[in-house]
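Asks: Predicted model follows, preceded by the sequence.
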Amino acid sequence: MARQLVFGAALIAALAVFPLFSPWSTVILTVALCEGLAALGIMVLLRAGQVSFGHGLFFSFSAYAVAFMAAAKVGHEALVLIPVGMAASGLLAAIVGLFVVRYRAIFFGMLNLAISMVFFSLLEKLFSITGGADGKRVPRPTFAGVEFGREQFELATFYVTLVLCILAALFVARYLLSPGGKALEAIKSNETRLEYLGVSPRKVLYGAYLLSGLLAGLGGAIIALVSGHVTPELAYWVRSGEFVFIAILGGIGGVAGPFLGALMFQIIRGYAAVYAPETWHAVLGVMLLVIIFFAPAGLYGIVAGKGGKAQREEGGR
Amino acid sequence: MPPEMLLLAALDGLAYGSLIFLVAVGLSLIFGVLGIVNVAHGSFYAIGAYVAAAGVLALGAAGLPTWLAFPTLLIAAALVGILVGGLVEIALLRRVYGKEEVLQLIVTFAVFMILEDAQKVVFGVQPYFANAPMNWLGTVEVFGIFYTTYQLILMPLVALAVLVGLRFFLRRTSFGRAIVAVTQDREAATAMGIDAARVYLITFIIGASLAALGGALASATTSLTPGIGAGTLVLSFAVAAIAGLGRIEGAAVAALLIGLGRSAAVYFAPEFDVLIPYLIMMVVLLVRPQGLFSTVQTRKV
C-alpha cells in the first residue's frame, strides 16, 4: 500500500511539473489523462471479468453534449460544461446499464459494441444535426468566468484535469475496497456463490457500469474542450478498443495503471506516427500480445514490483 | 413500392445471407468446440477474399481459361485457413485455453489488429476487383428480373453444401464425432484416446477456411477495400449470436434473416444499411440473449 502511494505521488508530481518545462506537451498530456479516465472505467469492469468494446459511446456522448451546449451558448463556462457533460453520460449509462448488466462475457462486450456503433452511425448520418463525419466545432468557453488565451486555457484545463483524475482515482480506489468493489471480483470468480450470499450480481455490476460510464463521460467532456472539435470517430469501435488496450497495457492491479497505460499509449502513438504510420495498429496488437503473455500485470505490475508470475497464476485459474 | 424492387431485395438478401452464413458457421463452430469467440474471424474473411482475387487476377494475366478460377477460389480459402488459421491456433490460442474469457477475447482482438494492418501492407489500400468468375457464369431470369447465376445459384448452393456437409461430417465421420465428443467433455474424450489438441487445431482450421471461403466467393461480387473484415465480423457475430453460439443449422436461418434485413435496408433506407445488423443483433440479444435456437443450460455452482 505504502509503495502504491509513493508511486502515485511520484507520478502526479512528474505530471504536474512536466508542462512547465515543455509547453508543447500540455495538450498531449491532457488527452492522455482523458483516455486514462475512460480506461479507468474499463478497468472497473475488468475487475468483474467483463470487457466493453463500446465505451466510446459514453466518451462521445458527453463530448457531443458539451459541443451542443457550447454552440448554443447555454453553458459558456468550462467548469459548468464538464460536470454537465459527465452527468449526461452518467444518465445514458444508467439507462444502457439496465439492459447490459444482464449479460456476461462476449455478449456484454458485443452488446456494448452494438449500441455504440448505432450511436456512431447516427452521428454520421444525421448530418443536419450533428454535422456528419466532419463533426462539430467547440468554441472555447470561459474558465471560471475568465476569457483565457489559447495557451493559458490549455494549461488551466490540464491542471483541472489532473486534479479531477486524482479525485477519480482516489474514489475508484476507495470503491474497489468497498463491499461493492469486492463483490466485483466475486462476479469474475464465481457469480452463483455471490447470489447465494444474498448479493445481487446485477446490482453490483450496475453500480460498476454507472461508474465506468461517468468516468468515460468525464474524459469525453474534457477532450471536447481541449481539442475544440468533436467527430463521430470518438464513438467508433477503434476508439473503444484503444481504451481496452490502455487498461490492459497499464494493468488492472491499481488505479494508477490506466493513467500509466494512457501515457505510454501517447508515446507509442507518437513514435508509430513517425516510424510505422501504416501499421501502427499492428504495433499495438503485438504489444498487447507481449503484455498478456509476458507481463500480465501490465506496466503497473512491473513498476509496483508485483511481478508477472504470481499474477499470472492467479489469472490462470 | 414496386414488386420488382421487393423481389430484387429478396434475391440480394439470399445471396448475401449465403455468404454471411459461411463466415458465421465458422465462427460458431470454433466457439462450440474451443469455447473462444474469435474476433480475428473477420480478418480470415478479408484475407481469403484478397488471396482469391489475387489468384483470379493472376490467372487472367497468364491467359488461362476462366473456369480455372473456381478451383482457385477453393484453394485460396483452404490455404488461408491452414496457413493463417493454423499459425494463430498453434502460436497463440493454444496458450490461453482454459484461461479467463476476457483474456481470450483480448488475444483474438490483438490478432485482429495485426492481421488488419498486415492486409494493407501485403495487398495495399487500392480496391481489388476480380469479377471474371461472376461474368463467366452469366445471368438467369427470375420473374422478369435478370440476376447473376453466380450470386443466385452458385453462392446459395455452396452454402447449402457446407451446411449439409458439416452436419454429415460431425455426425457420421469418426473425426467429426471426435470433435463432438471433445465439445461435450474434453477429459472423458481424452481418456478415450482422442487427441484433443489435434481436434482443436483442425476445428480452428476448418472454421478459418469457411470464413476464407466466404471471402473468396465474395471477391468476385464486390471490390475489396481495407475494413471489410471488421464489418463482416460484426455481421457474422450477429448471425451466430442470433442463432445461439455453437448452433449450425440455426446459423443458416439467422444468416437469411440478416441478409434479408440488410438488403431491405439497402433498398428502402440506404443511409441506415450499416446500422441494420447492429440493430437486429441488439434487439435479438435483448429479447432472447441465449439466441433463437438454443436450449436453456443448467448452471454449475
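Replies: Done, it's in.

Asks: quick one, strands of the stretch 51-200 of chain A?
Replies: Secondary structure of the stretch 51-200 of chain A by DSSP state E, counting those that start in this stretch: the strands cover A:136-137.

Asks: where does the stretch 1-150 of chain B dip in pLDDT?
Replies: In the predicted model of the stretch 1-150 of chain B, residues B:1 satisfy pLDDT under 70.

Asks: Around chain A, pick out the residues from it.
Replies: Neighbours of chain A within the stretch 1-150 of chain B, by CB under 8 Å from any CB of the partner chain: B:37, B:92, B:95, B:98-103, B:105-107, B:109-114, B:116-118, B:120-121. (Glycine included, C-beta is placed from N, CA and C.)

Asks: how about stretch B:5-14 as CSV, C-alpha atoms only?
Replies: This file holds the C-alpha atoms of stretch B:5-14, laid out as CSV (Å, rounded to 0.1, in the frame of the first residue of the first chain):
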residue,chain,number,x,y,z
MET,B,5,-37.8,-4.0,-56.1
LEU,B,6,-39.1,-6.2,-53.4
LEU,B,7,-38.0,-9.3,-55.4
LEU,B,8,-34.7,-7.8,-56.1
ALA,B,9,-34.2,-7.1,-52.4
ALA,B,10,-35.1,-10.7,-51.6
LEU,B,11,-32.6,-12.1,-54.1
ASP,B,12,-29.9,-9.8,-52.8
GLY,B,13,-30.8,-10.9,-49.3
LEU,B,14,-30.5,-14.6,-50.4
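
Asks: buried sites along it?
Replies: B:8-14 (16 or more other CB atoms under 10 Å in any protein chain shown).

Asks: Arrange the residues you listed in CSV, one row each, with secondary structure as further columns.
Replies: Supplementary listing: those in CSV, determined by DSSP: H, G, I helix; E, B strand; the rest coil:
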residue, secondary structure
B:8, helix
B:9, helix
B:10, helix
B:11, helix
B:12, helix
B:13, helix
B:14, helix
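
Asks: quick one: pLDDT of the residue sitting furthest away from the middle of chain A?
Replies: Farthest-out residue of chain A from its mean C-alpha position, per CA atoms, centre = their mean: residue A:196, at 32.7 Å. Reported pLDDT at residue A:196 in the predicted model: 86.

Asks: With residue A:208 instead?
Replies: Note on residue A:208: pLDDT of 93.

Asks: any idea which helix or strand carries it?
Replies: Here residue A:208 sits within helix A:201-227, counting by DSSP states H and E.

Asks: what residues are up against residue A:183?
Replies: By CB atoms under 8 Å, 6 or more residues apart in numbering or on different chains, the residues touching residue A:183 are A:194, A:199, A:201, A:204.

Asks: Pick the one among the residues you listed closest to chain B.
Replies: residue A:194 (11.0 Å; CB to the nearest CB).

Asks: wait, doesn't that closest one sit right on residue A:185?
Replies: No - judged on CB atoms under 8 Å, residue A:194 makes no contact with residue A:185 at a distance of 9.7 Å.

Asks: More neighbours: which of the two?
Replies: With neighbours defined as other CB atoms under 10 Å in any protein chain shown, residue A:194 and residue A:185 compare such that residue A:194 has more, 18 against 14.

Asks: if you skip the residues just before and after it, what's nearest to the more buried one?
Replies: For residue A:194, ignoring the flanking residues on the chain, the nearest one in space by CB to CB, 6 or more residues apart in numbering or on different chains is residue A:186 at 4.4 Å.

Asks: Could you check how far the one you found is from residue A:192?
Replies: Going from residue A:186 to residue A:192 by CB to CB, to the nearest Å gives 10 Å.

Asks: neighbour-wise, which of those two wins?
Replies: Neighbour count, other CB under 10 Å: between residue A:186 and residue A:192, residue A:186 has more, with 19 against 12.

Asks: Hmm, residue A:193 and the more buried one touching each other?
Replies: Yes - between residue A:186 and residue A:193 there is a contact under CB under 8 Å: 6.9 Å.

Asks: now the host helix or strand of residue A:246, how far from the chain's geometric center?
Replies: Using DSSP H and E, residue A:246 sits within helix A:237-250. With CA atoms, centre = their mean, to the nearest Å as the basis, helix A:237-250 stands 8 Å off its chain's centre.

Asks: swap in stretch B:239-258?
Replies: That offset, for stretch B:239-258, works out to 11 Å (CA atoms, centre = their mean).

Asks: Just the CA atoms of that stretch, as CSV, please.
Replies: Output of stretch B:239-258 as CSV, limited to C-alpha atoms (Å, rounded to 0.1, in the frame of the first residue of the first chain):
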residue,chain,number,x,y,z
VAL,B,239,-25.8,-14.2,-37.0
ALA,B,240,-24.0,-16.6,-34.6
ALA,B,241,-25.5,-14.8,-31.6
ILE,B,242,-29.0,-14.8,-33.0
ALA,B,243,-28.8,-18.5,-33.8
GLY,B,244,-27.2,-19.2,-30.4
LEU,B,245,-23.5,-19.7,-30.3
GLY,B,246,-22.5,-23.2,-31.5
ARG,B,247,-25.7,-23.8,-33.4
ILE,B,248,-25.0,-24.8,-37.0
GLU,B,249,-28.5,-25.2,-38.5
GLY,B,250,-29.8,-22.1,-36.7
ALA,B,251,-27.0,-20.1,-38.2
ALA,B,252,-28.5,-20.7,-41.7
VAL,B,253,-31.8,-19.3,-40.7
ALA,B,254,-30.2,-16.4,-38.9
ALA,B,255,-28.0,-15.6,-41.9
LEU,B,256,-31.0,-15.4,-44.2
LEU,B,257,-32.7,-13.1,-41.6
ILE,B,258,-29.7,-10.8,-41.5
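
Asks: quick one: contacts of that stretch?
Replies: A:106-107, A:110, B:13-14, B:17-18, B:20-21, B:23-25, B:27-29, B:31-32, B:37, B:159, B:163, B:166-167, B:170, B:183, B:235, B:238, B:277, B:280-281, B:284-285, B:290-294.

Asks: who's in contact with residue A:59?
Replies: Per CB under 8 Å, 6+ apart, neighbours of residue A:59: A:38, A:89, A:216-217, A:219-220, A:223, A:234-235, A:239-240, A:243.

Asks: repeat that for 10 Å
Replies: Contact analysis of residue A:59 by CB atoms under 10 Å, 6 or more residues apart in numbering or on different chains lists A:34-35, A:37-38, A:41, A:89, A:116, A:213, A:215-221, A:223-224, A:234-235, A:239-240, A:243.

Asks: What pLDDT does the model give it?
Replies: At residue A:59, pLDDT is 95.

Asks: likewise the one 10 residues further on?
Replies: Residue-level confidence at residue A:69 comes out at 87, pLDDT.

Asks: ok, residue A:206 - how many residues close by?
Replies: 19.

Asks: Return the residues in contact with it.
Replies: Neighbouring residues of residue A:206 by CB under 10 Å, 6+ apart: A:93-94, A:97-98, A:100-102, A:180, A:200.
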